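Enquirer: Attaching a predicted model along with its sequence, questions to come.
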Amino acid sequence: MNVDDAIVEALEEAGITFACWLPCSLLDGIIKRLEEHPEIRTVRVSREEEGVGICAGAALAGEKPALIMQNSGLGNSVNALCSLTLTYRLPLLMLMSHRGYLFEDIPAQVGMGKAAPKILEDINLHTFTIERPEDLDVIPGAWKLAETAGEPVGVFLSPRLWRQIGR
């Protein structure tokens, strides 16, 4: 099984039923599989805070939402995370490709690559980093934590993970 299939399988195991996503070359395989998935409804969004809002509505409607994005868009979503999901105690799994550190070729990605984990820490959200395919079981546990705590949880997909599979 390739890592994209394994990530979607981990999302299934977590019980995710709804996913908003933004384009990212590293996440293309995951997004394609989610778009074809018969039991996970997907919505493409143009901005991360839009995804937070739509996922919040999905959570209120009884869905189990995930936001699939690059960490570089995290800055766009902070206000929505704080004023919507945290205020109303709505669970959300944020699955992010972690750009901007380790092997990064695009200078514009570096600033947010360093800041993203600290941003989530500063707003008191739990974060996890997946570095190896064997660690994908973090995803169901992260969702369970999001449900139990009633708040978003961030999961970063490390550049080491992508490098191991040749991306």
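Expert: Okay, I see it.
Enquirer: How far off centre is stretch 108-121?
Expert: 14 Å (Cα atoms, centre = their mean, to the nearest Å).
Enquirer: List the buried residues in it.
Expert: 109, 112, 113, 115, 116, 117, 119, 120 (16 or more other Cβ atoms under 10 Å). Every residue, glycine included, has its C-beta placed from N, CA and C.
Enquirer: Which of these sits closest to residue 46?
Expert: residue 112 (18.0 Å; Cβ to Cβ).
Enquirer: which residues does the closest residue to the closest one other than its chain neighbours contact?
Expert: Spatial nearest neighbour of residue 112, excluding adjacent residues (Cβ to Cβ, 6 or more residues apart in numbering): residue 72 at 4.5 Å. The contact partners of residue 72, by Cβ atoms under 8 Å, 6 or more residues apart in numbering, come to 99, 100, 109, 112, 113, 116.
Enquirer: any idea where the helices of this structure begin and end?
Expert: Using DSSP state H, the helices of the chain run over 3-14, 28-36, 48-60, 74-80, 110-122, 138-149, 159-164.
Enquirer: which one of those helices lies closest to residue 104?
Expert: helix 110-122 (6.1 Å).
Enquirer: same for the closest one, what does it pack against?
Expert: In terms of contacts (3 or more Cβ pairs under 8 Å, 6 or more residues apart in numbering; DSSP states H and E), helix 110-122 is packed against helix 74-80, strand 127-130, strand 152-157.
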